[in-house]
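**Q** starting from these lines, generate the structure:
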Amino acid sequence: MSLTASALPSSTPWVICLCAAWCRTCDTYRAVFDSAAAQHPQMRFVWLDVEDEADLLGDLEIETFPTLLLATGAQLHFCGPLPPQAGVLGRMLAHFPAPNAAIDPEAEAFWARIRAHQGAPY
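**A** Sure thing, here's the model as predicted:
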């Protein structure tokens, strides 16, 4: 569950949870996120602490934890807060990729930095 380059193809869906070490909601949600990762081995799950990766986060404002990012290749499908419930995450992943909602330009830039950071070929 790291941002380092891996052997996964560029078409692999990414599921990134933006969290903070001080957030008690994130502590509880971690088990839900890890369970989803075990149920969806075809997806790449990353738990990203926003304070540890502040440079990578750039100007993206995180309003609420947890915040989830869903992407495939160069396409960002979703970036926003998510109720910390297993059912909500499960429904999102079952319908991934969903039709794109309006995406914040800062979220697009953040996803581009992640791709560049891990050496993605797209």
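
**Q** quick one: contacts for the spatially most central residue of the chain?
**A** Closest residue to the average C-alpha location of the chain: Ile16 at 1.6 Å, with CA atoms, centre = their mean. Ile16 sits next to 45-46, 48, 68-71, 114 when contact means CB atoms under 8 Å, 6 or more residues apart in numbering. All C-beta atoms are positioned from the backbone trio N, CA, C, and that covers glycine.

**Q** so where do the helices sit in the chain?
**A** 24-39, 54-57, 86-94, 105-117 (DSSP state H).

**Q** now the ones you listed as JSON lines including mean neighbour count?
**A** Converted to JSON lines, these look like this (neighbours: other CB atoms under 10 Å):
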{"stretch": "helix 24-39", "mean neighbour count": "15"}
{"stretch": "helix 54-57", "mean neighbour count": "13"}
{"stretch": "helix 86-94", "mean neighbour count": "14"}
{"stretch": "helix 105-117", "mean neighbour count": "16"}
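
**Q** pipe those into CSV and attach mean pLDDT and distance to Glu63 per row.
**A** Below are the helices of the chain laid out as CSV (pLDDT from 0 to 100; distance: least, CB to CB, whole Å):
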stretch, mean pLDDT, distance to Glu63
helix 24-39, 95, 13
helix 54-57, 86, 13
helix 86-94, 91, 17
helix 105-117, 86, 12
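
**Q** any chance of those helices in CSV with distance to Gly80 as columns?
**A** Listed next are the helices of the chain as CSV, based on distance: least, CB to CB, whole Å:
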stretch, distance to Gly80
helix 24-39, 15
helix 54-57, 15
helix 86-94, 11
helix 105-117, 8
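
**Q** out of these, which gets nearest to Cys79?
**A** For the helices of the chain, the distance to Cys79 is smallest for helix 105-117, at 3.7 Å, taking CB to CB.

**Q** contacts for the closest one?
**A** Applying CB under 8 Å, 6+ apart, the contact partners of helix 105-117 are 3, 14, 16, 56-61, 69, 71, 74, 76, 79, 122.
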